[in-house]
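*Asks:* Have a look; sequence and predicted model below, questions after that.
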Amino acid sequence: MNYSDKYNEWLGFDEETRAELEAIKDEKEIEDRFYKDLEFGTGGLRGIMGAGTNRMNKYTVGKASLGLANYLKSKYEGDISIAVAYDSRNNSSCFASTAAGIFASCGIKVYLYKMLVPVPVLSFTTRYLGCNAGVMITASHNPKEYNGYKVYDGTGCQLCTDDAKSALGFINEIDDFSAIPFCDSSENINLIGEEILNKFIESVMLQSVYEEPSDLKIVYTPLHGTGNIPVRRVLEKMNVTVVKAQELPDGNFSTVRSPNPEEKDALNLAIEKAREIGADLVLGTDPDCDRVGIAVRHNGDYVLFTGNQTGALLVNFVCEMHKAKLNEKSTLVKTIVTSELGANVGRSFGLRVEETLTGFKYIGDKINQYEKNGSNEFVIGYEESYGYLIGTHTRDKDAVVSSLLICQMAAFYKNRGMSLVDALNEIYEKYGYYLDSLDSFVLKGKDGSEKIQSLMVKFRSEGKELFDNVSEVIDYKAGVKDLPKENVLKYLFSDGSWLAVRPSGTEPKIKVYYSFFGKDRNEAENKLNKVREIINSVINR
């Protein structure tokens, strides 16, 4: 069916859906809602909420759940179980209940959280309860209009390439929405809550490395998300002030432009509070509490850190604290778009460094491989987009354990008369200056999708000629080492700098990652600005 046929089919679903669709007068909007189905990206299914095959709604959640149930029944014999959780977004609880009801009606035992919890808690729960799979209703750090559907395997790791393709095949076989067994029955559904969360907290606290008394003052904001309870619990022995206006769940994220700690203004209210009370450190976690951003007081002002900077500091701190335990198998795992700074820090402690594609599921998969074959021992994994994991209690990035270690790290340095800015400068002095940045270009709708594809073709055919001093172009779509093929291009420059281009797996964007190396910030910034001008001219042409 073309998009018009799908539109007409959906008019007959229910009165609420019909009213929403008939209110749309823009043909491009109708086309965007129906020209394709939601796809599995780097973070599972994710899309704007609303009626349509290319939207998150009761029917697309139902289709995904029935397809996933069929996939699990094809893969496992006997009793099958699944854990289901949700975050603070609008409709998250409703979508979780919808999914749970469908799984239950298919004969699958469901463990459904009765309160909202972070992503790493769902990953932990899937492992802890020995489930065959897990589902988390979340759109992570995306704007309020979005929601999503993350799928985890029995290890607590998001489905990687082959399993995701298999599951999606079963989902795509569902073409009759009337056959989806929407069910309100509680049979086969077991409600879970505090008892599992407590076990998660216990596992996080096992990663604690520094508990000496400190007068460190912290301001924390959960940005209206799931982090409020678990983060405050792991920091209960420290001096923490919570931003009251952002403490409670709010799917509209009414006090921020975007609930993404990567955005410079997301921590504005927390920094205001920090100035008011003279706090040393500001922490902000995203709605599903798998990412954390920080700001550090230094010379009377607050300095925002990038994910790469925080990651490099954590590598240095964790290695220093575990120095006596490190061995020839100790390993750091990072993504291909993450700076080399933290990797070089890790190498100086003797760590092996391994790279994965973008998406923390690939880091989780590495941990599974290590545990299976004994080849490596996981120490820390992180990505430039503010996601970190210390410990193997979960197979996804975890802002709860990251918040604990960041605060302990800040206390460690404060007890030595230093801020985290001072600590970072020490790292720069030893390893050189790395300037990392990210540009995201939003290209919406079918036309935007087609432009993103044409831009990737252009960068493949002309990229080496666009920039000076390119020493190598790595095309991950052609296959690199043992990594799955993915639509990413990375340009390596002769001075150790690089840039990478990839379409977003969760939003209508093409992303450009920059990492420029220099003897100081000015040199690195000059290099970055020259390349950024070229990128802007190509994409905005």
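*Replies:* Thanks, I have the structure now.
*Asks:* ok, now how distant is the residue nearest to residue 106 when sequence neighbours are not counted from residue 151?
*Replies:* Among residues not flanking residue 106 along the chain, residue 69 sits closest, at 4.0 Å (Cβ to Cβ, 6 or more residues apart in numbering). Any C-beta I mention is one placed from the backbone N, CA and C, and that applies to glycine too. Distance of residue 69 to residue 151, computed by Cβ to Cβ, to the nearest Å: 11 Å.
*Asks:* One more: residue 142?
*Replies:* From residue 142 to residue 151 the distance is 17 Å (Cβ to Cβ).
*Asks:* what does residue 165 give?
*Replies:* On the measure of Cβ to Cβ, residue 165 and residue 151 end up 12 Å apart.
*Asks:* What of residue 76?
*Replies:* 15 Å.
*Asks:* These two: who's more crowded?
*Replies:* residue 151 (24 against 14; other Cβ atoms under 10 Å).
*Asks:* got the contact list for that one?
*Replies:* Contact partners of residue 151, counting by Cβ atoms under 8 Å, 6 or more residues apart in numbering, are 40, 44, 68, 133, 134, 135, 158, 159, 164, 167.
*Asks:* helix/strand/coil for the nearest residue to residue 135 once chain neighbours are set aside?
*Replies:* With Cβ to Cβ, 6+ apart as the criterion, residue 135 has its nearest non-adjacent residue at 4.9 Å, and that residue is residue 84. Here residue 84 is strand, with the state taken from DSSP: H, G, I helix; E, B strand; the rest coil.
*Asks:* Which pLDDT does the model give the closest residue to residue 466 other than its chain neighbours?
*Replies:* Closest residue to residue 466 apart from its sequence neighbours, by Cβ to Cβ, 6+ apart: residue 534 at 5.6 Å. pLDDT recorded at residue 534 is 94.
*Asks:* okay, now residue 79: neighbour count?
*Replies:* If we define neighbours as other Cβ under 10 Å, then residue 79 has 9 of them.
*Asks:* Can you tell me the SS state at it?
*Replies:* coil.
*Asks:* who's in contact with the residue nearest to residue 135?
*Replies:* 96, 99-100, 103, 110-113, 122, 134-137.
*Asks:* Of the residues you listed, which belong to helices?
*Replies:* Cross-referencing the contacts of residue 84 against helices under DSSP state H gives 96, 99, 100, 103, 122.
*Asks:* how far does stretch 420-439 sit from the chain's center?
*Replies:* Remark: stretch 420-439 is offset 23 Å from the chain centroid, using Cα atoms, centre = their mean, to the nearest Å.
*Asks:* cool, stretch 217-237 as well?
*Replies:* Centre to centre, stretch against its chain (Cα atoms, centre = their mean), the figure for stretch 217-237 is 18 Å.
*Asks:* what is the mean pLDDT for it?
*Replies:* Per-residue scores along stretch 217-237 average to 98.
*Asks:* in that stretch, what counts as buried?
*Replies:* By 16 or more other Cβ atoms under 10 Å, the buried positions in stretch 217-237 come out as 217-235.
*Asks:* swap in stretch 292-305?
*Replies:* So stretch 292-305, judged by 16+ other Cβ under 10 Å, has buried residues 292, 293, 294, 295, 296, 297, 298, 302, 303, 304, 305.
*Asks:* Was I right to think the second one contacts residue 265?
*Replies:* No: in this structure, residue 293 sits apart from residue 265 without contact. The criterion is Cβ atoms under 8 Å, and the distance is 11.1 Å.
*Asks:* picking up where we left off before, now, of the ones in helices among the contacts of residue 84, which are buried?
*Replies:* 96, 99, 100, 103, 122.
*Asks:* Taking the residues you listed together, which two end up most distant?
*Replies:* Maximum pairwise distance in those, criterion Cβ to Cβ, is 14.3 Å, between 103 and 122.
*Asks:* Make CSV out of the ones in helices among the contacts of residue 84 and add distance to residue 180 and pLDDT.
*Replies:* Listed next are the ones in helices among the contacts of residue 84 as CSV, based on distance: Cβ to Cβ, whole Å; pLDDT from 0 to 100:
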residue, distance to residue 180, pLDDT
96, 16, 98
99, 11, 97
100, 14, 97
103, 12, 97
122, 23, 98
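*Asks:* out of those, which one sits closest to residue 482?
*Replies:* Distances from residue 482 to these, taken by Cβ to Cβ, are shortest for residue 122, at 28.0 Å.
*Asks:* gap between the closest one and residue 257?
*Replies:* 27 Å.
*Asks:* what do you get for residue 359?
*Replies:* 25 Å.
*Asks:* Compare these two (neighbour count), which wins?
*Replies:* The residue with more neighbours, out of residue 359 and residue 257, is residue 359; 24 against 11, by other Cβ under 10 Å.
*Asks:* Cross-check the contact I'm expecting between the more buried one and residue 506.
*Replies:* No: applying Cβ under 8 Å as the test, residue 359 and residue 506 come out as separate, 9.6 Å apart.
*Asks:* Residue 394 is in what secondary structure piece?
*Replies:* According to DSSP states H and E, residue 394 maps onto no helix or strand at all.
*Asks:* tell me the contacts of residue 11?
*Replies:* Counting by Cβ under 8 Å, 6+ apart, residue 11 has contacts 17, 18, 21, 22.
*Asks:* And the pLDDT for it?
*Replies:* 97.
*Asks:* let's number from 601 now, not from 1
*Replies:* Yep, numbering from 601; the last one is residue 611 now.
*Asks:* State the phi and psi torsions of it.
*Replies:* phi -60, psi -20 (degrees, to the nearest 10).
*Asks:* From residue 649, how far out is it?
*Replies:* Applying Cβ to Cβ to residue 611 and residue 649 gives a distance of 19 Å.
*Asks:* Can you report how many residues neighbour the residue nearest to residue 1066?
*Replies:* 13.
*Asks:* Surely it is within a helix?
*Replies:* Yes: looking at residue 1134 with three-state DSSP, it is inside a helix.
*Asks:* Name the residues contacting each of residue 765 and residue 751.
*Replies:* residue 640.
*Asks:* where does this structure have low pLDDT?
*Replies:* 641-643 (pLDDT under 70).
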